[in-house]
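Q: sequence and predicted structure are below.
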Amino acid sequence: LHVVPVDAHGKLLNTLITPAMFAFVEPHIRSTLAGVPQQFEYVFPERRGRPQMEFSVQFIPDAEPEGVVGFYVIAEDMSELNAQRRGLERALQEQVAERQRLQSLVHGTGAGTWEWNVKTGELRINEEWARILGYTTAELEPITFSTWEQHMHPDDLVMAQAMVRQHFAGEILNFETEVRMRHRTNGWVWVMSRGQVTSRGLNGEPEWMFGTHLDITARRVAQERLRGSEAFLDRVGKVAGVGGWRLNLADQKITWTSQTRRIAAVDDDYEPALETGMAFYPPEPQPGLRAPITPATDPRSPFDLQCT
């Protein structure tokens, strides 16, 4: 109230506080004088450079045998405590919103999620994690870290365990690897497993690790087929003495077959840029080679050019 106690002695309350404040507390005063203790909160608005202040107020009747002769006032400044409480509430709301956002993202990508308690071995997974392997979570119970280990290909398990240890030691920022996991049908599915330690103990030891599983079987099968096709074409090229090349029009990256490298008399690991690749041809046919790869040309149009 910014009032010196000695100056307030003997004065009426309504002369010491604003009319608005008196109108707010008057019902509480009447109830207190009737013998009913009161507890309420009051906010002093920001004024003349003074920040807003929040108080928890109690009116306690001073009861004598003849009745209530007055009351005691206890006012506790709650400004800092309330500010901290609101900050915690905002942080909690942000965490809830972030978790909901992540859940939506995971649902949209069809990813399985896992949370691993490194100390106890507890493993929490969602239904998608189990579905990738042909199960429901109920069918995999009891679910522990051993569930993850038992379903992983033995060769990949050794590699994955080593990578986890590297991540725990801080040698790598994230755990990320492609592994084979056994499906319910006894076949193998390829899984992209990613994860990161999310909490550590007082001594820095990992406590919880969170991650995702994504079924990449179709991609791996396509890659294997592509490698098989490329190997077949390479063998055909060697037999026929024919080299091949491929140009990605988006990034202008050119790829040569091994036979093309032999024709150009370069090392097996040679990777030409577009311009250096053109330099292997005589100057005369180079314009004809460039024409089909200009932006104005339909990339679906075939071309046939002979040069010596």
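A: It's in.

Q: quick check, pLDDT for the residue sitting furthest away from the middle of the chain.
A: The C-alpha centroid of the chain is most remote from E66, which lies 68.6 Å away (CA atoms, centre = their mean). What the model reports for E66 is a pLDDT of 85.

Q: ok, Q196 to F210 distance?
A: 6 Å (CB to CB, to the nearest Å). Any C-beta I mention is one placed from the backbone N, CA and C, and that applies to glycine too.

Q: what's the neighbour count on I29?
A: Neighbours of I29 under the rule other CB atoms under 10 Å: 15.

Q: how about the strands of the stretch 51-200 of the chain, start to end?
A: Secondary structure of the stretch 51-200 of the chain (DSSP state E, counting those that start in this stretch): strands located at 53-64, 67-77, 112-117, 123-125, 175-182, 188-200.

Q: scratch that, the stretch 201-308 of the chain
A: Using DSSP E, counting those that start in this stretch, the strands found in the stretch 201-308 of the chain span residues 206-215, 245-248, 253-256.

Q: show the pLDDT at the nearest residue to W245 once chain neighbours are set aside.
A: The spatially closest residue to W245, leaving aside those adjacent along the chain, is W256, at 5.2 Å (CB to CB, 6 or more residues apart in numbering). Looking at W256, its pLDDT is 74.

Q: is F145 in contact with W116, as I believe?
A: Yes - using CB atoms under 8 Å, F145 makes contact with W116 at a distance of 5.9 Å.

Q: overlap of the contact sets of those two?
A: 122-123 (CB atoms under 8 Å, 6 or more residues apart in numbering).

Q: L133: how many residues sit nearby?
A: Neighbour count for L133, taken as other CB under 10 Å: 21.

Q: that one and E171, how far apart?
A: L133 is 29 Å from E171, by CB to CB.

Q: ditto for G110
A: 31 Å.

Q: between the two, who's got more neighbours?
A: Remark: of G110 and E171, G110 carries more neighbours, 12 against 9, as counted by other CB under 10 Å.

Q: so where's this protein shaky on pLDDT?
A: 1-3, 99-109, 226, 228-241, 292-308 (pLDDT under 70).

Q: quick one, helices of it?
A: Secondary structure of the chain, counting by DSSP state H: helices at 5-8, 19-33, 79-109, 127-132, 137-140, 145-151, 154-168, 217-240, 258-264, 274-278, 286-290.

Q: picking that back up, isn't the residue nearest to W245 right next to R262, touching?
A: No - with contact defined as CB under 8 Å, W256 does not count as touching R262 (9.8 Å).

Q: before we move on, back to that, looking at F145 and W116, which one has more neighbours?
A: Neighbours per residue, other CB under 10 Å: of F145 and W116, the larger number sits with W116, 24 against 16.

Q: partner residues bridging that one?
A: L123, M209 (DSSP bridges).

Q: more neighbours, Q196 and F210?
A: F210 (16 against 12).

Q: tell me the contacts of the more buried one?
A: Each residue near F210 by CB under 8 Å, 6+ apart is listed here: 113-116, 195-196, 198.

Q: which among the residues you listed count as buried?
A: Among these, those scoring as buried are 113-114, 116, 195 (criterion: 16 or more other CB atoms under 10 Å).

Q: quick check, nearest of those to E141?
A: Nearest to E141 among the buried ones among the contacts of F210 is W114, at 14.8 Å by CB to CB.

Q: from V6, how far out is the closest one?
A: Distance from W114 to V6, by CB to CB: 69 Å.

Q: just T255 next, same as before
A: Applying CB to CB, the value for T255 to V6 is 93 Å.

Q: go on, E122?
A: 65 Å.

Q: neighbour-wise, which of the two wins?
A: E122 (14 against 7).

Q: apart from its neighbours in sequence, what residue is nearest the more buried one?
A: T144 (6.6 Å).
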